[in-house]
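Okay, sequence plus prediction incoming.
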Amino acid sequence: MEVVDTAEIIVLVDNASDSLSSTPDSVETEFARHRRRGMPWLSGKCLCCAAHGLSCLITVTAGATRQTLLFDTGPEEWVFERNVQRLGVDLAPVGALVLSHGHWDHGGAMPQALQMIGMANGGQPVPTFMHPDMFALRATRSADGQFRPMELVPSEAVLSGCGGRVIVTRNEQLVLNRAFYVSGEIPRVTPFERGFPGQHRQTVTGEWELDEIMLDERFVAISLSGKGLVVFTACSHAGLINVLSHAQARFPTTPLYGVFGGFHLSGSTEAIIPETVKALASFDLRLIAPGHCTGWRAVSALAGAYGERVIPMSVGKTFRL
């Protein structure tokens, strides 16, 4: 992986909206962005929409070269389009799209995102990285035994028809002039991170089978000059510690600097908050940016343990590293 000089992360979709909390100079809130772009007064007609999901636009520079990757798209087209437009984001430079795992709240807006990128870049196809298991029908199971299906991730045919050059693989990839690492399947090594409790998927014969491990989940990473490895984990169904352990193992000579994303420490996984917070100390991260599915209890625990190193994500926020 090539070392990059700078990185800018724009949060296009996140569960939370927060422009009032104080931030360091390297982080710009949604309100501050709007003011910088000429908003004369505060108005709801200017603001983004928070929604259950995640999407990050990651731009890196190496010398005079800039590369932009879209990591997930959020749950549906209206939220993605509204937020991109209201933030004044130019999608023309997007050189690749990566879906982190096969859940609707991360991939629902992929067709719209690809169409918007194509309209901005003159119709050039967009490399779109998928795992073969992402397309399965998934469901949770209620206490009475009923299955509650989730919306399917858009098919390869739909994505291709919307301008994606779809690359379906289980293998790790280096993309955009080797500036971004897209992981392969994440090894499960911790005793306490057990995936998505109770999730099932439908087999080709129409039967439901337990699908808690979610091997289709991947992370993205960059290597930032003078800092180290920055990891983007959209939901951490593999477990945050498993994700960071794999990143560390793949790049053993590069220190870990920061992690962005959903840490999935809410609901049925709240019980592992103490073990996760404790285990995180071994990585000595300088930046911890929880968002999406992390949950307020986990964010509170992380802030209590790691103080100013914790800067929660929220829609419209920009991090400059």
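Received the coordinates, thanks. Since the model is a prediction, treat every value here as computed from it, not as a measurement.

How much space separates the spatially most central residue of the chain from residue 45?
Taking C-alpha atoms, centre = their mean as the criterion, residue 234 is the residue nearest the geometric centre of the chain, at 3.2 Å. Using C-beta to C-beta, to the nearest Å, we find residue 234 at a distance of 30 Å from residue 45. Just so you know, the C-beta spots here come from the backbone N, C-alpha and C atoms, and that holds for glycine as well.

likewise residue 295?
31 Å.

same deal with residue 102?
35 Å.

Neighbour count: the two, which is higher?
Between residue 102 and residue 45, counting by other C-beta atoms under 10 Å, residue 102 is the more crowded of the two (24 against 7).

where along the stretch 201-321 of the chain do the strands fall?
Here the stretch 201-321 of the chain has its strands, by DSSP state E, counting those that start in this stretch, at 208-210, 220-224, 228-233, 256-262, 287-291, 318-320.

Paired strands for the first one, with orientation please.
In other words, strand 208-210. Strands that pair with strand 208-210, judged by DSSP bridges, come out as strand 200-202 (antiparallel).

what distance separates the strand it pairs with from the middle of the whole chain?
23 Å (C-alpha atoms, centre = their mean, to the nearest Å).

May I see the strands of the stretch 201-321 of the chain organised as JSON lines, with distance to residue 269, mean pLDDT and mean neighbour count added?
Listed next are the strands of the stretch 201-321 of the chain as JSON lines, based on distance: least, C-beta to C-beta, whole Å; pLDDT from 0 to 100; neighbours: other C-beta atoms under 10 Å:
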{"stretch": "strand 208-210", "distance to residue 269": "16", "mean pLDDT": "94", "mean neighbour count": "12"}
{"stretch": "strand 220-224", "distance to residue 269": "22", "mean pLDDT": "98", "mean neighbour count": "23"}
{"stretch": "strand 228-233", "distance to residue 269": "14", "mean pLDDT": "98", "mean neighbour count": "25"}
{"stretch": "strand 256-262", "distance to residue 269": "11", "mean pLDDT": "98", "mean neighbour count": "25"}
{"stretch": "strand 287-291", "distance to residue 269": "13", "mean pLDDT": "98", "mean neighbour count": "24"}
{"stretch": "strand 318-320", "distance to residue 269": "25", "mean pLDDT": "98", "mean neighbour count": "19"}
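
Quick one: closest of those strands to residue 21.
Closest approach to residue 21 among those (C-beta to C-beta): strand 287-291, 12.9 Å.

Could you verify my assumption that the residue nearest to the centre of the chain touches residue 54?
Yes: contact between residue 234 and residue 54 holds when scored by C-beta atoms under 8 Å: they sit 5.3 Å apart.

what sits in contact with each of these two?
72, 100, 106, 261, 262, 292 (C-beta atoms under 8 Å, 6 or more residues apart in numbering).

Format these as JSON lines; extra columns: distance to residue 132.
Below are these laid out as JSON lines (distance: C-beta to C-beta, whole Å):
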{"residue": "72", "distance to residue 132": "18"}
{"residue": "100", "distance to residue 132": "15"}
{"residue": "106", "distance to residue 132": "16"}
{"residue": "261", "distance to residue 132": "22"}
{"residue": "262", "distance to residue 132": "23"}
{"residue": "292", "distance to residue 132": "24"}
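
Out of those residues, which comes closest to residue 307?
Nearest member of those to residue 307, counting by C-beta to C-beta, is residue 261, at 19.8 Å.

Just confirm the closest one contacts residue 238, I think it does.
No: counting by C-beta under 8 Å, residue 261 does not reach residue 238; the two are 11.4 Å apart.
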